[in-house]
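*Asks:* How does the following fold in three dimensions:
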Amino acid sequence: MFTTNVAVAALSALTLVSAQANSNSTFTIDPSTVDISDRVSWCQGQSDSCGTLCGSVLNNSCSTDTLDFSCECQGGNYPDMNKFENTMPWVRIHFRFASLPSFSPETKANHDFSLIVRLRATSK
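*Replies:* Coordinates of the predicted model:
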């Protein structure tokens, strides 16, 4: 029963992040709980992904202090950052999922793989 509740909670978090397409979603992580080197890496991934997806960027920012980000392409398009690896929504999901205490390392690895497969499937 506990495992089912944890799975439902994880899927609910994924749904919430997905619903927040390209915003500084309400699904947040307290930046003070993340090493600065990780926050720098996350923002670099977010910024690189924005540049790759847009080609010509109008606004591309990410704050290592708040983990807020923005990605706007020329012409006013906003790519759905939830569909791509190494974006802020993607790392938020993985960070939160990795902090779930109820999984053994083997079970957690299987769930991580399943989550990656689901994320990749939504990007096609």
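*Asks:* CA-only coordinates of stretch 38-46 in CSV, if you can.
*Replies:* Provided in CSV are the C-alpha atoms of stretch 38-46 (Å, rounded to 0.1, in the frame of the first residue of the first chain):
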residue,chain,number,x,y,z
ASP,A,38,24.6,21.2,-9.3
ARG,A,39,22.5,24.4,-9.7
VAL,A,40,25.1,25.8,-12.1
SER,A,41,25.0,22.5,-14.1
TRP,A,42,21.2,22.5,-14.1
CYS,A,43,21.0,26.1,-15.4
GLN,A,44,23.7,25.4,-18.0
GLY,A,45,21.6,22.4,-19.2
GLN,A,46,18.5,24.6,-19.3
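*Asks:* Can you give me the buried ones in the helix or strand where Arg39 lies?
*Replies:* Element membership of Arg39 [criterion: DSSP states H and E] is helix 36-54. Of the residues in helix 36-54, 39, 42-43, 45-47, 49-50, 53-54 count as buried by neighbour count, 16 or more other C-beta atoms under 10 Å. Using the backbone N, CA and C atoms, a C-beta is placed for each residue, glycine as well.
*Asks:* Quick one: name whatever helix or strand follows it.
*Replies:* The element immediately downstream of helix 36-54 (helix or strand, assigned by DSSP H and E) is strand 57-62.
*Asks:* Give the next helix or strand downstream of that following strand.
*Replies:* Assigned by DSSP H and E, the successor of strand 57-62 is strand 69-73.
*Asks:* Which neighbouring elements make contact with that following strand?
*Replies:* helix 36-54, strand 57-62 (3 or more C-beta pairs under 8 Å, 6 or more residues apart in numbering; DSSP states H and E).
*Asks:* Would you mind getting the angle between the first one and strand 69-73?
*Replies:* Read that as helix 36-54. 10 degrees (axes from the mean of the first three to the mean of the last three C-alpha atoms, to 10 degrees).
*Asks:* list the helices and strands helix 36-54 packs on?
*Replies:* strand 57-62, strand 69-73, helix 88-98.
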